[in-house]
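Novice: Model the following, please.
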Amino acid sequence: MHRYDPARQRLAIGLAGLAGLVDATGFVVAGGYFTSFMSGNTTRLGVDLASAPAMAAVPLALIGCFLIGVIGGALVLRRARGWHKRALLGLVAAMLGLAAASLWAGREWPFLTLAAIAMGLANNVFSRGGEVTVGVTYMTGALVKFGQGMAARLAGEGRPATRGYGMLWATLAAGAALGGWLSSHEPRIAAATAFAAAVVLCGAAFRIERGSPLIEG
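Specialist: Model prediction:
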């Protein structure tokens, strides 16, 4: 996070909020499975295999769709250097738009699969040299960095590399709270809100890359 300028940091924080919103909506719609938190789906896969094998197809399908998004996003990243953020976020917005339309039509499974693909795509937005530099849909690493930064400050040391990760986690949590609240009233509204947020983030990426096209990552 600390290697990026403030505009890119805000974009990363916004993406984390979007991931929380999408994941909470998917969690409600799927009845306890995730559209971006694949560690959770992997745990559910193991539990389902042991206790209800027929249900294992649900987390397995979501993991597969997420992986499709990651692979597709990585291929886009290779071909769109210098404008990959707007390209990827345009695809994320398109997937979430189709997902929202599916949910409004009463089709839950297309919503879940499209949302999982979108979250896989989103994880390529902040990449450098083929490696993800900021994970925007999973926060274990962010919490570790935040904790390490807190320990350094308690010891009277500075650790700039850990700055911003607490905010990243907090924003994902806030997005999840919003998604949970909206979904408890009407999941379709939550899905439409996620689509609108993705469009806004795509616009922000366009302005960022137009202003500093030579900065990668």
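Novice: And the lowest mean pLDDT element among the helices and strands of this protein?
Specialist: None of the helices or strands of the chain scores lower by mean pLDDT, DSSP states H and E than strand 131-132, at a mean of 74.
Novice: what comes into contact with the helix or strand following that strand?
Specialist: Counting by DSSP states H and E, the next helix or strand C-terminal to strand 131-132 is helix 140-154. Contacting residues not belonging to helix 140-154 are listed as 39, 135, 158-159, 161-163, 165-166, 168-169 [C-beta atoms under 8 Å, 6 or more residues apart in numbering]. All C-beta spots, glycine's among them, are computed from the backbone N, C-alpha and C.
Novice: hmm, which of those are the buried ones?
Specialist: When neighbours are counted using 16 or more other C-beta atoms under 10 Å, the contacts of helix 140-154 contain these buried positions: 135, 162, 165-166, 168-169.
Novice: Include secondary structure and pLDDT when you put the contacts of helix 140-154 into a markdown table, please.
Specialist: As requested, these are exported to a markdown table (DSSP: H, G, I helix; E, B strand; the rest coil; pLDDT from 0 to 100):
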| residue | secondary structure | pLDDT |
| --- | --- | --- |
| Ser39 | helix | 91 |
| Gly135 | coil | 79 |
| Gly158 | coil | 71 |
| Arg159 | coil | 70 |
| Ala161 | helix | 67 |
| Thr162 | helix | 70 |
| Arg163 | coil | 74 |
| Tyr165 | helix | 81 |
| Gly166 | helix | 85 |
| Leu168 | helix | 87 |
| Trp169 | helix | 89 |
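Novice: Take these and write them to CSV, including distance to Val47.
Specialist: What follows is these, written out as CSV (distance: C-beta to C-beta, whole Å):
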residue, distance to Val47
Ser39, 13
Gly135, 24
Gly158, 42
Arg159, 37
Ala161, 36
Thr162, 33
Arg163, 37
Tyr165, 29
Gly166, 31
Leu168, 28
Trp169, 25
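Novice: which residues sit in contact with the nearest residue in space to Ala118 that is not next to it in sequence?
Specialist: In space, not counting the residues next to it along the chain, Ala118 is nearest to Met95; the distance is 3.7 Å by C-beta to C-beta, 6 or more residues apart in numbering. When contacts are counted by C-beta under 8 Å, 6+ apart, Met95 touches 69, 114-115, 117-118, 121.
Novice: three-state assignment of the residue sitting furthest away from the middle of the chain?
Specialist: For the chain, the C-alpha farthest from the mean C-alpha position belongs to Gly156; by C-alpha atoms, centre = their mean, that distance is 33.8 Å. Reducing the assignment at Gly156 to three states with DSSP: H, G, I helix; E, B strand; the rest coil gives coil.
Novice: what's it sitting at in phi/psi?
Specialist: The phi and psi torsions at Gly156 (degrees, to the nearest 10) take the values phi 80, psi 20.
Novice: ditto for Val125
Specialist: Note on Val125: its backbone torsions stand at phi -60, psi -40 [degrees, to the nearest 10].
Novice: That one touches Lys85, doesn't it?
Specialist: Yes - counting by C-beta atoms under 8 Å, Val125 does reach Lys85; the two are 5.4 Å apart.
Novice: Quickly list what's touching both of those two.
Specialist: The contact sets of Val125 and Lys85 overlap at 11, 205 (C-beta under 8 Å, 6+ apart).
Novice: which stretches of this structure form strands?
Specialist: Using DSSP state E, the strands of the chain run over residues 127-128, 131-132.
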